[in-house]
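A.B. asks: mind looking at a prediction? Sequence and model below.
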Amino acid sequence: MMMDFDEKSRQHQLKITPQRTAIFKILTTARNHPTADNVYQEVKTEFPNISFDTVNRTLLTFAEVGMIEVIESNGHCRRFEPNLKTHHHFYCVGCGEITDFFHKEYDNLEIPENISRRFHVTGKRMVIKGLCDKCI
Ligand SMILES: [Zn+2]
Ligand SMILES: [Zn+2]
């Protein structure tokens with residue numbers, strides 16, 4: 001995964017810095033679609049002088065070049081998605097936790113014609129909402 005990072009950075013002409021490497025590492029080990037603040041809190045333990053703004057900008061840069069994704073946030077903070085494999089989400093409306101799941105049938109769902117005719121589709125993801133087992 002980290003070799004991946006170096007390679008992708010070169011590909012997108014991003015400078016490789018220890019801070020950026022640390023941020024990417026945090027993202028790839030994050031379990032729950034972290035916010036910029038989640039990442040900031042963690043990277044700060046290693047780089048106490050890093051600013052929130054730097055972390056936030058780095059995340060947006062990663063997203064811009066397609067190394068990670070930004071996901072719909074339902075009115076909360078922007079969340080970051082390091083998992084670029086096709087997958088779907090269970091969104092808990094209670095605590096905001098987003099759980100990844102895989103389901104072939106959803107992967108194979110066809111794009112409605114009124115969408116595919118009007119827009120250029122680059123991906124699709126099913127979102128199921130409800131209460132997680134901790135919030136029921
Ligand atoms: Zn919950
Ligand atoms: Zn996900």
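C.D. replies: That came in fine, so what should we check first? Numbers count the residues shown, from 1 in each chain. Ligands and ions are numbered 1, 2, ... in the order given.

A.B. asks: residue nearest the centroid of this structure?
C.D. replies: Among the residues of the chain, the one closest to the centroid is residue 81, at 1.1 Å (C-alpha atoms, centre = their mean).

A.B. asks: wait, what's in contact with that one?
C.D. replies: 33, 68, 69, 70, 71 (C-beta atoms under 8 Å, 6 or more residues apart in numbering). All C-beta spots, glycine's among them, are computed from the backbone N, C-alpha and C.

A.B. asks: for the residues you listed, which one is nearest ligand 1?
C.D. replies: Relative to ligand 1, the closest of these is residue 33; by C-beta to the ion it sits at 13.3 Å.

A.B. asks: quick one: list the elements packing against the helix or strand bottoming out on mean pLDDT in the chain.
C.D. replies: The helix or strand of the chain with the lowest confidence, counting by mean pLDDT, DSSP states H and E, is helix 2-11 at a mean of 81. In terms of contacts (3 or more C-beta pairs under 8 Å, 6 or more residues apart in numbering; DSSP states H and E), helix 2-11 is packed against helix 18-29.
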